[in-house]
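Engineer: Below: sequence and its predicted model.
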Amino acid sequence: MSPEVAAVLGRSQRETFGRTMSELADENPNVLVLDADLANSTKADIFAAAHPDRFLQMGIAEQNMVGVAAGLATQGFIPVVTTFACFAVYRALDQVRVLVAQPHLNVKVAGAYSGLLTGFTGKTHQAIDDLSVMRSMPGMVVIAPADEAETRAALRAAIEYEGPVYLRLTRDPGPLLFAGEETFEIGRARWLRHGADVTIFSTGQETTRVLDAAGILEGRGIRAAVVHVPTIKPLDAELIRRAARATRRIVSAEEHSVIGGLGAAVAEALGEAGGLPHLRLGIQDTWGESASNDDLLERHGLSVERLVESVEGFVDGSAAQANNRE
Amino acid sequence: MTGTDVVSAAHSEPDVAGLQGIARRVRRLVISSVAHAGAGHIGGPLSAADLLVALYFRVLNIRPDEPAWPGRDRFIMSKGHSAIGQYAAMALRGYFPVAELDTFDQLDSRLQGHPDMTLLPGIDMSTGSLGMGLSAGIGIALGARLRGTAEHTYVLLGDGECQEGQVWEAAFVAARYGLDNMTAIIDANELQQYGWAGAAIETRQPPWGPDALARQWNAFGWTVHEADGHDFVDIERALGDARCARGAPAVVIARTIKGKGVSFMEGRFDWHARIPTAPELAAALEELDVA
């Protein structure tokens, strides 16, 4: 499979969240959504309109919200807590740890507005190491979908799965990559594009930009494979190792810190298997800022152009190094 | 510890003298278990012992031989470091053999330093990080309301614990939803691990001024009941009043003494988590002798 980036723009992940949760609640009477006063941003308001009796306003108090969700889960409900990713992960971290992850309760944490692209809100609202924090918790499933279709399918899979799940969702619309796909298998990475020179691993919406970059790189004589890793935990280490071995050099790209996220997870999986030259693209251990999406992606090396430039430099550099060794 | 401490699983509600005897056994088991483990807390479990005995032997609608019975009242030990007090009460009530208290805090034990619902049937919520239990209690109470079921949810907090901000997030939301199917109980022993300096180095001031907690819970929209936390008649009266509250959640502020039952532990903050020496253990057990 080698999907070119679709020209069609999909719905935003947040709107998809509101619509899909409403559908899932139609099917399953145990589904509830808890809000910390951001429903008109996170689009939980779509759910609130469809299921007013199963929408629980918790006010501007995320720690309590997570605890209430834990209690509801013990009663057989499937509570989905929604707020910005920064508040879910940082403000309510101890509650997620002690009341959700440690007792392995069936609570879903939907972190909206994750990553850098949060609508000019700046570093306080940019969750750039949420993958790192969440994947370090035993038993936590961590998912970062790429587009509307995958968000929809991942939400369904998260509700069907029994146990705690963190969903990393984004604010703004992006290309539709997986139109028509209905299923999402937790823990499965996807080889989206084959190429002999380098393998790029990416997650979340960054994958749409990585696919664009791979197309441009091909025109410049670099054949880049692309592996999309929508489940950060459990990691599809087997496919990651297989893809990495096929090209012997790898890049990871994510709208997240280079510390602790996908790049780190890939490095851990490969390090245990001997290690490979690895360029980690992401936020380079620094804070974000308020700016337009384009400016932020450019600044942090995650725009299509900067991805192309970095991968090209990496492939040429490591090719030169390999030649020197020979 | 001996098997003779077991109270028959065929439960007939004890009278006040019976409850006092059970509470003395709970206190003995708390102190001997902590001494045996070389770890754990004493002051808080002793202040809460009478509350726990009243709950497990008189108030809670539970089936120890069917701990997951869906219709049971729920109990959350929000002050999770007092777990050994809960374990002792549960063992005497028939949830598990009293001899298992010897495993407290040991490798592979179901009796963790803080209550763990994944290990011990009968624990309705894992706790340990202070300030969280009330929120989980709200979830259970909201769930009962959504399902239309009649179980009541009890959450036991410390007065020191009420310094955690999450308690007041929860207090606001419970009142906002008018959750009259839950009761918070404050074990108000007026001491905490280190606390607020008193006149002398070994003394401490209470964290809250007189009536401050009552005024605060009341200001957050809760119905406030007060009780002597070592008087079984008064505890049961207050919990009964609280359960009858309509339209608002209720809190029982139980005035207690940290380390209650052992003269040299009472009112001493340093017995929060101290391990008794052999002579201290012997002296404490002698004071609590039920033989």
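Structural biologist: Arrived safely.

Engineer: Which positions in the stretch 1-150 of chain A make contact with chain B?
Structural biologist: Counting by Cβ under 8 Å from any Cβ of the partner chain, the residues of the stretch 1-150 of chain A close to chain B are A:32, A:53-54, A:56, A:58-59, A:61, A:63-77, A:79, A:94-95, A:97-99, A:102-104. Using the backbone N, CA and C atoms, a C-beta is placed for each residue, glycine as well.

Engineer: Pull out the buried residues from those.
Structural biologist: A:32, A:54, A:56, A:58, A:61, A:63-75, A:77, A:79, A:95, A:97-99, A:102-104 (16 or more other Cβ atoms under 10 Å in any protein chain shown).

Engineer: pLDDT averaged over the lengthiest helix in chain A - what is it?
Structural biologist: Longest helix in chain A, counting residues (DSSP state H): helix A:304-325. Per-residue pLDDT values across helix A:304-325 average out to 86.

Engineer: mind saving the C-alpha coords of it as PDB?
Structural biologist: What follows is helix A:304-325, C-alpha atoms only, in PDB (Å, rounded to 0.1, in the frame of the first residue of the first chain):
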ATOM      1  CA  VAL A 304       7.100  19.100   4.900                       C
ATOM      2  CA  GLU A 305      10.000  21.200   3.600                       C
ATOM      3  CA  ARG A 306      12.100  20.800   6.800                       C
ATOM      4  CA  LEU A 307      11.400  17.100   6.900                       C
ATOM      5  CA  VAL A 308      12.600  16.700   3.300                       C
ATOM      6  CA  GLU A 309      15.700  18.800   4.100                       C
ATOM      7  CA  SER A 310      16.500  16.800   7.300                       C
ATOM      8  CA  VAL A 311      16.000  13.400   5.800                       C
ATOM      9  CA  GLU A 312      18.000  14.300   2.700                       C
ATOM     10  CA  GLY A 313      20.900  15.500   4.800                       C
ATOM     11  CA  PHE A 314      20.700  12.400   7.000                       C
ATOM     12  CA  VAL A 315      20.600  10.000   4.100                       C
ATOM     13  CA  ASP A 316      23.400  11.800   2.200                       C
ATOM     14  CA  GLY A 317      25.500  12.000   5.400                       C
ATOM     15  CA  SER A 318      25.100   8.500   6.500                       C
ATOM     16  CA  ALA A 319      25.700   7.300   2.900                       C
ATOM     17  CA  ALA A 320      28.900   9.300   2.900                       C
ATOM     18  CA  GLN A 321      29.900   7.800   6.300                       C
ATOM     19  CA  ALA A 322      29.200   4.300   5.000                       C
ATOM     20  CA  ASN A 323      31.300   4.900   2.000                       C
ATOM     21  CA  ASN A 324      34.200   6.200   4.200                       C
ATOM     22  CA  ARG A 325      34.000   3.000   6.200                       C
END
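
Engineer: which helices and strands does it pack with?
Structural biologist: Under the contact definition 3 or more Cβ pairs under 8 Å, 6 or more residues apart in numbering or on different chains; DSSP states H and E, helix A:304-325 sits against strand A:198-202, helix A:206-219, strand A:250-257, strand A:278-283, helix A:293-299.

Engineer: Off-centre distance for the second one?
Structural biologist: Spelled out, it's helix A:206-219. 18 Å (Cα atoms, centre = their mean, to the nearest Å).

Engineer: ok, which stretches of the stretch 151-291 of chain B are helices?
Structural biologist: Along the stretch 151-291 of chain B, the stretches classed as helices by DSSP state H, counting those that start in this stretch are B:165-176, B:212-219, B:232-244, B:278-287.

Engineer: Can you name the residues that contact residue 58?
Structural biologist: Reading this off chain A. A:34-37, A:64-65, A:68, B:173 (Cβ atoms under 8 Å, 6 or more residues apart in numbering or on different chains).

Engineer: Not quite, go with chain B.
Structural biologist: B:13-14, B:19, B:232, B:236.

Engineer: and with 6 Å instead?
Structural biologist: B:13, B:236 (Cβ atoms under 6 Å, 6 or more residues apart in numbering or on different chains).

Engineer: Next up, phi/psi of it, please.
Structural biologist: Dihedral angles of residue B:58 (phi, psi; degrees, to the nearest 10) stand at phi -130, psi -40.

Engineer: Among the helices of the stretch 151-291 of chain B, which comes closest to chain A?
Structural biologist: helix B:165-176 (3.7 Å; Cβ to the nearest Cβ).

Engineer: From the chain's centre, how far out is that closest one? Work that out for me.
Structural biologist: The answer for helix B:165-176 is 20 Å, by Cα atoms, centre = their mean.

Engineer: cool, and stretch A:48-65?
Structural biologist: The answer for stretch A:48-65 is 24 Å, by Cα atoms, centre = their mean.

Engineer: that older thread, can you list which of the buried ones among the residues of the stretch 1-150 of chain A next to chain B are found in helices?
Structural biologist: A:63-74, A:95.

Engineer: what's the neighbour count on residue 212?
Structural biologist: By default, I'm working from chain A. Applying other Cβ atoms under 10 Å in any protein chain shown, we find 18 residues neighbouring residue A:212.

Engineer: my question was about chain B
Structural biologist: 13.

Engineer: about what we covered before: name the stretch among the helices of the stretch 151-291 of chain B that sits most buried.
Structural biologist: Among these, ranked by average contacts under mean count of other Cβ atoms under 10 Å in any protein chain shown, first place goes to helix B:165-176 (a mean of 22).

Engineer: tilt between that one and helix A:62-74?
Structural biologist: Between helix B:165-176 and helix A:62-74, the angle comes out at 60 degrees (axes from the mean of the first three to the mean of the last three Cα atoms, to 10 degrees).

Engineer: what about the helices in the stretch 51-200 of chain A?
Structural biologist: A:62-74, A:85-86, A:93-95, A:130-135, A:148-160.

Engineer: Mean pLDDT added to those, as TSV?
Structural biologist: Listed next are the helices of the stretch 51-200 of chain A as TSV, based on pLDDT from 0 to 100:
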stretch	mean pLDDT
helix A:62-74	98
helix A:85-86	98
helix A:93-95	98
helix A:130-135	98
helix A:148-160	98
